[in-house]
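Engineer: With the sequence up front, the predicted model follows.
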Amino acid sequence: MQVPAGKLLQNINQPSDLKQLSEDDLEQVCQELRQYIIDVVSVNGGHFAASLGVVELTVALHYILNTPYDQLVWDVGHQAYGHKILTGRRDVFHTNRVYHGISGFPKRSESEYDTFGVGHSSTSISAALGMAVASHYKGETDRQHVAVIGDGAMTGGMAFEALNHAGIESSNLLVILNDNCMSIDPNVGALKEYLADITTSKSYNRFRDDIAYVLNKLSSVGPDAFKYAKKIEKSIKGTILKQSNFFEALKFRYFGPIDGHDVKHLAKVLRDLRDIPGPKLLHCVTVKGKGYALAEKDQTKWHAPGLFDKITGEIKKTYYEKPQPPKYQDVFGHTIIELAEQNPKIMGITPAMPSGSSMNLMMKAMPNRAFDVGIAEQHAVTFSAGLATQGMVPFCNIYSSFMQRAYDQVIHDVAIQKLNVVFCLDRAGLVGADGGTHHGAYDLAFMRCIPNLTVSSPMNEEELRNLMYTAQLENAGPFVIRYPRGSGVMVDWKRPFKEIPVGKGRKICDGEEIAILTIGPIGNEAAKAITQLNAEGFYPAHYDIRFVKPLDETLLHEVFQKYSKVITIEDGCIEGGMGTAILEFMADNNYSARIVRLGIPDHVIEHGEQPELWAECGFDAAGIVHQVKAMDVKPSAHIIAS
């Protein structure tokens with residue numbers, strides 16, 4: 001649904017239009033931009049509070065910078081809605097995150113103003129530094145390079161690596177630290193405390209204002225006086241606030257903290273910083289959800305609230321007459337508490353996703369046994385490994401697409417040492433509106449090639465509980481359980497725990513001529529397809545593989561001895577996934593069958609609702625029915641006769 005823009009905003013189609021306005025107009029532009037985001041997101045959905053918090057910063061950046069020649073990189077990117085609206089996408093913004101619409105994140109193929117594709121955190125400084133070094137090499141000394149990174153994303157190790165490198169380069173780089181004490185959930189760790197010290201130190205902030213005035217005066221006297229004053233500034237900073245040396249110790253010029261919601265002052269500061277060479281860091285203090293009272297009050301809830309009434313703030317929910325199945329993440333959250341009550345060795349770990357993974361339930365119930373380690377997937381894995389060496393059983397819950405960032409740690413720190421770390425990979429498979437950067441497409445393929453790992457996926461909620469129970473038993477070793485975003489299929493899911501024999505699949509139903517092999521909850525789409533096929537006289541067998549490592553060889557021998565046609569189905573990449581494992585088994589055991597593999601094809605799938613994407617990839621129920629018939633499977637004779 002498209003909504004009208006304010007009288008100034010409706011005439012801003014590119015940043016060049018914004019530059020035609022006076023600085024006195026910028027506050028109204030901010031008001032209109034903020035209201036437009038509220039209007040559109042309330043009726044179309046999407047990320048919300050993050051973009052509201054950087055409205056003034058977004059306007060000031062495009063007002064002062066010469067984008068796209070000056071290169072602006074947004075970290076993560078869920079705060080870039082205002083950026084998209086100001087850079088030619090206002091009239092299509094209502095298609096944000098909709099199938100075949102614009103992306104919810106900056107994307108190079110979408111606009112020249114999107115200088116770097118993002119979706120995962122902590123990449124902006126590295127990318128902007130690469131751009132800055134290239135510009136320096138090419139002699140583009142007038143080109144600006146700006147990375148906007150939140151204090152949450154700054155907890156990621158990659159951000160520190162980039163700061164460490166950037167400090168020794170003479171390239172023209174400005175890092176803007178958007179400090180709002182939030183990522184999706186409240187930030188944790190020493191960095192948060194350090195930034196709080198800076199922003200609340202009255203003596204430091206008084207000194208900062210005074211020294212800025214003195215430096216401005218001395219700059220007109222001469223370079224020697226200015227240089228001497230800078231040495232005094234650096235020395236006194238260390239006396240007044242010892243921690244303030246952190247960024248400057250990395251050879252960044254530190255400026256701030258400043259009010260990130262004063263657009264005119266932001267414009268002035270950015271104009272001044274544009275003329276200062278070398279690496280610089282501007283510390284802006286903002287409020288996530290700024291301008292929408294409910295979002296300011298509960299920033300986690302309003303990170304991506306879905307559809308809501310912008311007047312009352314009521315988040316619109318679908319109401320059902322009958323009880324509905326829970327989300328898989330909630331099954332995990334409640335189950336880990338049950339298991340931890342029985343097994344005192346169990347601990348929970350998540351890298352900055354306690355609400356998204358439902359680890360927050362354990363953090364509330366057992367605060368000394370559940371840890372949010374910040375946006376630090378590598379650390380989360382090796383921290384879990386350390387716990388495991390001491391006899392603990394860590395459940396390390398990481399989104400599938402984020403686990404890609406900790407692959408070395410899985411191999412080096414867990415698998416080689418055969419440590420009993422349980423990796424619960426949430427958001428496995430096609431996740432929906434977040435699109436290509438967030439699909440959990442590759443975990444089956446990249447996990448099954450690692451020695452010592454057990455790699456599994458439950459078909460439903462009960463199976464998830466039982467796999468979690470099995471994984472924490474003694475001598476279980478490194479254990480992977482992957483499950484999707486969204487709701488399951490069982491209302492009555494909270495049943496007594498049962499151990500699942502590792503490496504054992506199950507036969508759902510017998511059949512004729514063709515067997516369908518599935519892994520994980522996508523097997524429920526196969527079950528729907530089989531119901532439809534049965535009504536038409538086709539009777540495929542259905543096997544739930546359950547473990548891609550180790551494979552159930554007994555089950556597979558049965559399949560290949562009985563069926564000449566096989567379809568494998570997985571909500572994961574076809575290249576190297578479960579279907580590939582079945583092909584390998586067939587070849588290794590000298591079987592011959594016609595196999596068709598259904599899964600995520602070898603290209604990036606964009607955003608859309610999960611059923612839309614399953615259909616695009618051909619493994620929704622309709623696609624499965626079509627594939628069975630395309631394999632020339634014959635209906636049963638007695639059905640034809642009837």
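Structural biologist: Good, I have the coordinates. Residues are numbered from 1 along each chain as shown.

Engineer: what's the host helix or strand of E338 in contact with?
Structural biologist: Taking DSSP states H and E as the criterion, the element that holds E338 is helix 328-342. For helix 328-342, contacts defined as C-beta atoms under 8 Å, 6 or more residues apart in numbering pick out 346-348, 356-362, 365-366, 369, 395, 397, 424, 426, 461, 464-465, 468-469, 472, 483-488, 493-494, 497, 521. All C-beta spots, glycine's among them, are computed from the backbone N, C-alpha and C.

Engineer: now the helices for the stretch 301-450 of the chain?
Structural biologist: 328-342, 354-357, 360-365, 377-389, 400-403, 407-409, 443-448 (DSSP state H, counting those that start in this stretch).

Engineer: can I get those helices in JSON lines with mean pLDDT, distance to Q79 and mean neighbour count?
Structural biologist: What follows is the helices of the stretch 301-450 of the chain, written out as JSON lines (pLDDT from 0 to 100; distance: least, C-beta to C-beta, whole Å; neighbours: other C-beta atoms under 10 Å):
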{"stretch": "helix 328-342", "mean pLDDT": "98", "distance to Q79": "24", "mean neighbour count": "21"}
{"stretch": "helix 354-357", "mean pLDDT": "94", "distance to Q79": "17", "mean neighbour count": "22"}
{"stretch": "helix 360-365", "mean pLDDT": "97", "distance to Q79": "22", "mean neighbour count": "19"}
{"stretch": "helix 377-389", "mean pLDDT": "97", "distance to Q79": "21", "mean neighbour count": "22"}
{"stretch": "helix 400-403", "mean pLDDT": "96", "distance to Q79": "18", "mean neighbour count": "25"}
{"stretch": "helix 407-409", "mean pLDDT": "97", "distance to Q79": "27", "mean neighbour count": "17"}
{"stretch": "helix 443-448", "mean pLDDT": "98", "distance to Q79": "27", "mean neighbour count": "24"}
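
Engineer: Distance to T95 for those - can I get that in a markdown table?
Structural biologist: Below are the helices of the stretch 301-450 of the chain laid out as a markdown table (distance: least, C-beta to C-beta, whole Å):
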| stretch | distance to T95 |
| --- | --- |
| helix 328-342 | 28 |
| helix 354-357 | 25 |
| helix 360-365 | 32 |
| helix 377-389 | 31 |
| helix 400-403 | 23 |
| helix 407-409 | 34 |
| helix 443-448 | 30 |
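
Engineer: Ok, which of these comes nearest P277?
Structural biologist: Using C-beta to C-beta as the measure, helix 377-389 is the one of those that comes nearest P277, at 33.4 Å.

Engineer: Within the helices and strands, which one has the residue lying closest to K7 once chain neighbours are set aside?
Structural biologist: Here the nearest residue to K7 in space, its sequence neighbours aside, is E32; by C-beta to C-beta, 6 or more residues apart in numbering that works out to 7.6 Å. Using DSSP H and E, E32 sits within helix 26-44.

Engineer: same for the helix or strand that that helix is followed by, what does it pack against?
Structural biologist: Following the chain from helix 26-44 toward its C-terminal end, the next helix or strand by DSSP H and E is helix 49-53. Under the contact criterion of 3 or more C-beta pairs under 8 Å, 6 or more residues apart in numbering; DSSP states H and E, the helices and strands touching helix 49-53 comprise helix 26-44.

Engineer: Assign V596 to helix, strand or coil.
Structural biologist: Three-state call for V596 (DSSP: H, G, I helix; E, B strand; the rest coil): strand.

Engineer: Isn't it up against Q627?
Structural biologist: Yes: counting by C-beta atoms under 8 Å, V596 touches Q627, with 6.0 Å between them.

Engineer: Residues that sit against both of the two, list them.
Structural biologist: If you check V596 and Q627 against C-beta under 8 Å, 6+ apart, the residues they both contact are I567.

Engineer: Neighbour count: those two, which is higher?
Structural biologist: Neighbours were tallied for V596 and for Q627 using other C-beta atoms under 10 Å; the higher tally belongs to Q627 (19 against 16).

Engineer: Surely that one is within a helix?
Structural biologist: Yes: judged by three-state DSSP, Q627 forms part of a helix.

Engineer: Are we agreed that H83 is in a helix?
Structural biologist: Yes: going by three-state DSSP, the assignment for H83 places it inside a helix.

Engineer: That one and D309, how far apart?
Structural biologist: To D309, H83 is 26 Å away according to C-beta to C-beta, to the nearest Å.

Engineer: Between these two, which has more neighbouring residues?
Structural biologist: Looking at H83 and D309 with other C-beta under 10 Å, you find the greater number of neighbours at H83, namely 26 against 11.

Engineer: Surely the more buried one and S111 touch.
Structural biologist: No: distance between H83 and S111: 9.3 Å, which falls outside the contact criterion (C-beta under 8 Å).

Engineer: got a list of what L250 touches?
Structural biologist: If you count contacts by C-beta under 8 Å, 6+ apart, then L250 has 163-164, 166-167 around it.

Engineer: between these, which is nearest L72?
Structural biologist: When the contacts of L250 are compared for distance to L72 (C-beta to C-beta), A166 comes out closest, at 16.3 Å.

Engineer: can you count the residues close to that closest one?
Structural biologist: Using other C-beta under 10 Å, A166 is surrounded by 25 other residues.

Engineer: Contact partners for it?
Structural biologist: With the criterion set at C-beta under 8 Å, 6+ apart, A166 makes contact with 125, 129, 173, 175, 250, 252, 279.

Engineer: where does the second one land on pLDDT?
Structural biologist: Residue-level confidence at L129 comes out at 96, pLDDT.

Engineer: coming back round to it: out of the helices of the stretch 301-450 of the chain, which gets nearest to G289?
Structural biologist: Between G289 and the helices of the stretch 301-450 of the chain, the tightest spacing by C-beta to C-beta is seen for helix 354-357, at 15.3 Å.

Engineer: now for the stretch of helix or strand L294 belongs to, which elements pack on it?
Structural biologist: Assigned by DSSP H and E, L294 falls within helix 293-297. On a contact count with 3+ C-beta pairs under 8 Å, 6+ apart, helix 293-297 meets no helix or strand.

Engineer: Could you pull up the mean pLDDT of that helix?
Structural biologist: Averaged over helix 293-297, pLDDT sits at 88.

Engineer: Next, the buried residues of it.
Structural biologist: When burial is assessed from 16 or more other C-beta atoms under 10 Å, helix 293-297 yields the following buried residues: 294-296.

Engineer: so can I have a markdown table of those showing distance to V285?
Structural biologist: What follows is the buried residues of helix 293-297, written out as a markdown table (distance: C-beta to C-beta, whole Å):
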| residue | distance to V285 |
| --- | --- |
| L294 | 21 |
| A295 | 17 |
| E296 | 14 |
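
Engineer: and of these, the nearest to F547?
Structural biologist: For F547, the nearest member of those is A295. The distance, counting by C-beta to C-beta, is 43.2 Å.

Engineer: about what we covered before: now the helix holding E32: average pLDDT?
Structural biologist: When the per-residue pLDDT values of helix 26-44 are averaged, the result is 94.

Engineer: One more: stretch 303-317?
Structural biologist: When pLDDT is averaged over stretch 303-317, the result is 86.

Engineer: Give me the contact list for that stretch.
Structural biologist: In this structure, residues lying in contact with stretch 303-317 by C-beta under 8 Å, 6+ apart are 38-39, 42-50, 78, 184, 288, 293-294.

Engineer: Quick one, which of these are buried?
Structural biologist: Those of these that meet the buried threshold are 38-39, 42-50, 78, 184, 288, 294, by 16+ other C-beta under 10 Å.
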